[in-house]
Structures are given as structure tokens and as C-alpha cells.
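Peer 1: Any chance you could fold what I've pasted below:
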Amino acid sequence: MQALRLDLEGDFNSFRLGRSLQYQRTYMFPPKPTVIGLLGAALGCEDIQLAQLYDTILAGIILRSYEGLARDLWGITKLKAGRGAEHAVVVREMLHRPTYSMYLAPSSGALKLEDIKAAFANPAYPLTLGRSDELIVVRASKIANLESAPKDACYRNTVLPFDYRKHRHALEKVDTSSGIVEIPQVFRLPVAYSYDKTRRRKVARYEVFTHVFGTGVTFKDLRERYGGWRDGSNYFFLC
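Peer 2: Down below sits the predicted model:
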């Protein structure tokens, strides 16, 4: 299978966890709608045109590195009827200097890999990952020939399109002298949005994902439909 591999680097990027207000934590990986938004910016799509890409583009991602977490303080003012103005401070986590390897593969004939590669070489709009001012740079891009991942593949620093706890698995043995073991985390995340005539969006579909960090995980009984992939030393899923 072929996919476009993009090596991306940001300065400060954030992917806000849902259901948080005053302290806004960040995911370590951009959710799929964020990835599709990045592709839409390269292609020059308006937001309402993104709806057709959610199910026709497969995406995979590897977090290669980051230099730490920063906290951005925002002062906000809320105007409430009969109560005047209320002031609050919002704290937003941000990843400092994250680098990713992102894989994009059309699942239908609507887009060609060569067209997607050309779009990232000369994007229609600024490329952002996170908020509208969180720019990224494409350091390299190439069409990669992916191989099926072996059964004993160890997945780390990537996203799994299922709840890892529901499969027979083993966590990688790591040095615990630092006192830190990064256990995979399971999230229910939006994967597609729909848009009404006023361009107001709402979540069209949720799915469950596992975010795997430095402690890798291997599986004994993954079903065929998940189909892991390999690109060099990178093991990941397209979803």
C-alpha cells in the first residue's frame, strides 16, 4: 500500500481535550478532524467541503519528539445580563516543538497521492495544526511504500483505532528507574463533522482510540480489519 508521508514540525501546538474549560489539557496527537483540516488547508477547501474527506482519507501518525509542555495563560471576560462582566484566567497546555510523521492515504479515487503531495508543496492556505495560529512546517514529504506490520510489531508513540484493553496485549518492558511509565490512554473522539446551511458544525460520529506513548504495546489477537502498517521503523495504523 502507498501513503504520503509528511514530516511535520511545529513551534507550539495544542489539541484541546473535550469537556475542559479553565484548565485545557492537550492531547499528544491531533484528532482526525484536525488532520483533515490540515489537508483541507493545503488543498484550499472551505470547512463545509471537509465533510467528504472524513471517510475518504485514511490517516496515521507517529509522534517523533517534543521538547516539553508549556502553559499559555488567557484572560477572558464574560458579559452576563444583569450581572456585568466576569473575569477569569484560562490555562491551555501546549506542546513545545513537536515533530510528527503523518501518513495520508486516499481510500477512494477522489484524490491522488501525487495531488496531495503537490498541495502540501504549494498550500492554498497557511498550514496549522491546532488553533488557527499554530503553524507547522513540512520538513519532508514522500510517497512511501508501506508493508504489513508483523504480528509481533510493537506500537509506540502512535494512535490505535480501538480500545487496546479489549485485546490480548503486552506492554513493553522499560527501565523504571526514572519512576515514569507511560501507560496507553483510551479516548472517545470525534472523527467526522457535519455542516448545516449556516456552516455551523456538529459532531457526526465518534470512535474509540488508544494513544500510545513511550511504553510500547504488542498484541496477540488483533482482528484482521485493523491491519497495522510498517514504514521503516515506524509501526502504525491507518484509520
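Peer 1: Do I have it right that Ala59 meets Ser101?
Peer 2: No - counting by CB atoms under 8 Å, Ala59 stays clear of Ser101, with 11.6 Å between them. No exception for glycine: its C-beta is placed from N, CA and C like everyone else's.
Peer 1: neighbour-wise, which of these two wins?
Peer 2: Ranked by neighbour count (other CB atoms under 10 Å), Ala59 and Ser101 place Ala59 first, with 25 against 22.
Peer 1: What residues are bridge-paired with the more buried one?
Peer 2: Per DSSP bridges, the residues bridged to Ala59 are Leu104.
Peer 1: At the geometric centre of the protein, which residue do we find?
Peer 2: Nearest to the mean C-alpha position of the chain, counting by CA atoms, centre = their mean, stands Pro30 at 2.4 Å.
Peer 1: That one in helix, strand or coil?
Peer 2: coil (DSSP: H, G, I helix; E, B strand; the rest coil).
Peer 1: That one - nearest residue in space that isn't next to it in sequence?
Peer 2: Phe15 (5.2 Å; CB to CB, 6 or more residues apart in numbering).
Peer 1: Tell me how many other residues crowd the one you found.
Peer 2: Counted with other CB under 10 Å, Phe15 comes out at 21.
Peer 1: Am I right that it is in contact with Glu134?
Peer 2: No - under the criterion of CB under 8 Å, Phe15 makes no contact with Glu134, lying 9.4 Å away.
Peer 1: Where does the prediction get shaky in the chain?
Peer 2: Judged by pLDDT under 70, the chain has its weakly predicted residues at 21, 82, 176-179, 223-225.
Peer 1: on that earlier part again, mind checking how far the residue nearest to Pro30 is from Val89?
Peer 2: As judged by CB to CB, to the nearest Å, Phe15 and Val89 stand 21 Å apart.
Peer 1: Then Leu189?
Peer 2: Leu189 sits 27 Å away from Val89, going by CB to CB.
Peer 1: Would you mind telling me which of the two has the busier surroundings?
Peer 2: Taking neighbours as other CB under 10 Å, Leu189 and Val89 compare with Leu189 leading, 19 against 10.
Peer 1: Check which helix or strand the more buried one maps to.
Peer 2: strand 185-195 (DSSP states H and E).
Peer 1: Return the alpha-carbon coordinates of that strand using PDB.
Peer 2: The C-alpha coordinates for strand 185-195 follow below in PDB (Å, rounded to 0.1, in the frame of the first residue of the first chain):
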ATOM      1  CA  GLN A 185      -4.700   6.100  27.300                       C
ATOM      2  CA  VAL A 186      -8.100   5.500  25.700                       C
ATOM      3  CA  PHE A 187     -10.300   8.300  24.400                       C
ATOM      4  CA  ARG A 188     -13.600   8.600  22.700                       C
ATOM      5  CA  LEU A 189     -13.000  11.200  20.000                       C
ATOM      6  CA  PRO A 190     -14.900  12.800  17.100                       C
ATOM      7  CA  VAL A 191     -13.900  11.500  13.700                       C
ATOM      8  CA  ALA A 192     -16.300  13.400  11.500                       C
ATOM      9  CA  TYR A 193     -18.400  16.600  11.500                       C
ATOM     10  CA  SER A 194     -21.400  17.600   9.500                       C
ATOM     11  CA  TYR A 195     -22.300  21.200   8.500                       C
END
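Peer 1: counting contacts, what elements does it pack onto?
Peer 2: helix 32-43, strand 201-212 (3 or more CB pairs under 8 Å, 6 or more residues apart in numbering; DSSP states H and E).
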